[in-house]
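Enquirer: What would the 3D arrangement of this be:
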Amino acid sequence: MLQLCQVTNALFISNARSACSEQLLQQEAVTLCINVSKQQPFPSGGVAKLQIPVYDDPSEDLYSHFDRCADAIQKEAGRGGRSVVYCKNGRSRSATICIAYLMKHRGLTLADAIQRVKTARHVIDPNPGFLSQLQRYEAVLKARRGRS
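Expert: As a prediction, the model looks like this:
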């Protein structure tokens, strides 16, 4: 079944098959596609595209992309657009990016952010390497907030 799972008003998570469905993208008024993979295709329609070329491997560095992705989602939402974040199965890489966004721009804790994304898409399961990168990110965000 093709579907985009809604995390917030302006953010969806899905697998590559669903994210490449022109019909679904139009139906949900998606304006930005963030493809967190090296091999998955992009939809062909006129949506903005951002590619994060990582494999679903615990040793991959997804951390260095957290701010850029979170800010892109936020910027898109700010101008009335909607984003979909996807990887091959919509389980590990895309979930990690959605969680990072919720922590940075919605102020959620890591545990709450995971729960929020899990509620939208129950199959999510960030790999152990990505989880530890999210833990590091949570600490960095806390420190940044303490300074501001």
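Enquirer: burial measure for Lys118, as a count.
Expert: Neighbourhood size, Lys118 [other Cβ atoms under 10 Å]: 15. C-beta here means a position set from N, CA and C on the backbone, and glycine is covered the same way.
Enquirer: tell me the SS of it?
Expert: Here Lys118 is helix, with the state taken from DSSP: H, G, I helix; E, B strand; the rest coil.
Enquirer: list the contacts for it?
Expert: Ile124 (Cβ atoms under 8 Å, 6 or more residues apart in numbering).
Enquirer: helix or strand for the nearest residue to Arg116 once chain neighbours are set aside, which one?
Expert: The shortest distance from Arg116 to any non-neighbouring residue, by Cβ to Cβ, 6 or more residues apart in numbering, is to Leu102 (5.8 Å). According to DSSP states H and E, Leu102 maps onto helix 93-105.
Enquirer: What helices and strands are in contact with that helix?
Expert: Applying 3 or more Cβ pairs under 8 Å, 6 or more residues apart in numbering; DSSP states H and E, we find helix 93-105 packed against strand 5-8, strand 11-15, helix 66-78, strand 83-87, helix 110-120, helix 128-147.
Enquirer: quick one: which of those is nearest Glu22?
Expert: Distance to Glu22, taken as Cβ to Cβ, is lowest for strand 83-87 among those, at 12.3 Å.
Enquirer: CA-only coordinates of that closest one, as PDB, when you get a sec.
Expert: As requested, the backbone C-alpha atoms of strand 83-87 are provided in PDB (Å, rounded to 0.1, in the frame of the first residue of the first chain):
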ATOM      1  CA  SER A  83       8.200  17.900   3.000                       C
ATOM      2  CA  VAL A  84       8.500  14.200   2.700                       C
ATOM      3  CA  VAL A  85      11.600  12.400   4.000                       C
ATOM      4  CA  TYR A  86      12.200   9.000   2.700                       C
ATOM      5  CA  CYS A  87      14.700   6.200   2.300                       C
END
